[in-house]
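Participant: Need a 3D model of the sequence below.
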Amino acid sequence: MASHVAKEASSRKLIILLDAEDEAIGTPGFEDLLQLSTHLNCNSSFAKNYSGKGDLLEAMEDLLDLNKDFVILTLGSIGCLLMRRN
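Facilitator: Below you'll find the predicted structure:
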């Protein structure tokens, strides 16, 4: 269902924000949603686990390289980081 909606939104050139969590890695349809999304919101654990990078900025760069307009990395009570394309 979510993948179908994301495909339709993508065909209409709409912004697709994916809020990704560790539990989603490897689940059916997740890679499709990740590829269709234009923006990504995730926590530091997801960024490190998905990218395989221990450094948060490197992990964010890898996620941005998935053709995202921006990546938001949440850091709990200390806030968040946003990385965007120039």
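Participant: who does the residue nearest the centre of the chain bridge with?
Facilitator: The centroid of the chain falls nearest to L40 when counting by C-alpha atoms, centre = their mean (3.1 Å). As for beta bridges, L40 partners with L18, V71 under DSSP bridges.
Participant: And the pLDDT for it?
Facilitator: On pLDDT, L40 comes in at 97.
Participant: hang on, A47 in a helix?
Facilitator: Yes: assigned with DSSP: H, G, I helix; E, B strand; the rest coil, A47 falls within a helix.
Participant: Could you list the low-pLDDT ranges of the chain?
Facilitator: Within the chain, no stretch has pLDDT under 70.
Participant: residue ranges for the helices of it, please.
Facilitator: 2-11, 30-36, 44-51, 56-64 (DSSP state H).
Participant: And the longest one, what's buried?
Facilitator: Of all the residues in helix 2-11, those buried under the rule 16 or more other C-beta atoms under 10 Å are A6. Every residue, glycine included, has its C-beta placed from N, CA and C.
Participant: roughly how far apart are the residue nearest to the centre of the chain and K68?
Facilitator: According to C-beta to C-beta, to the nearest Å, L40 stands 5 Å off from K68.
Participant: Overlap in contacts, those two.
Facilitator: When C-beta atoms under 8 Å, 6 or more residues apart in numbering defines a contact, no residue borders L40 and K68 alike.
Participant: who's in contact with L18?
Facilitator: By C-beta under 8 Å, 6+ apart, the residues touching L18 are L33, L34, S37, H39, L40, N41.
Participant: at 6 Å what do you get?
Facilitator: L33, S37, L40 (C-beta atoms under 6 Å, 6 or more residues apart in numbering).
Participant: mind checking the backbone torsions on the second one?
Facilitator: Same thing as S37. phi -70, psi 150 (degrees, to the nearest 10).
Participant: Hmm, it is touching L14, no?
Facilitator: No: at 10.8 Å, S37 does not count as touching L14 under the criterion of C-beta atoms under 6 Å.
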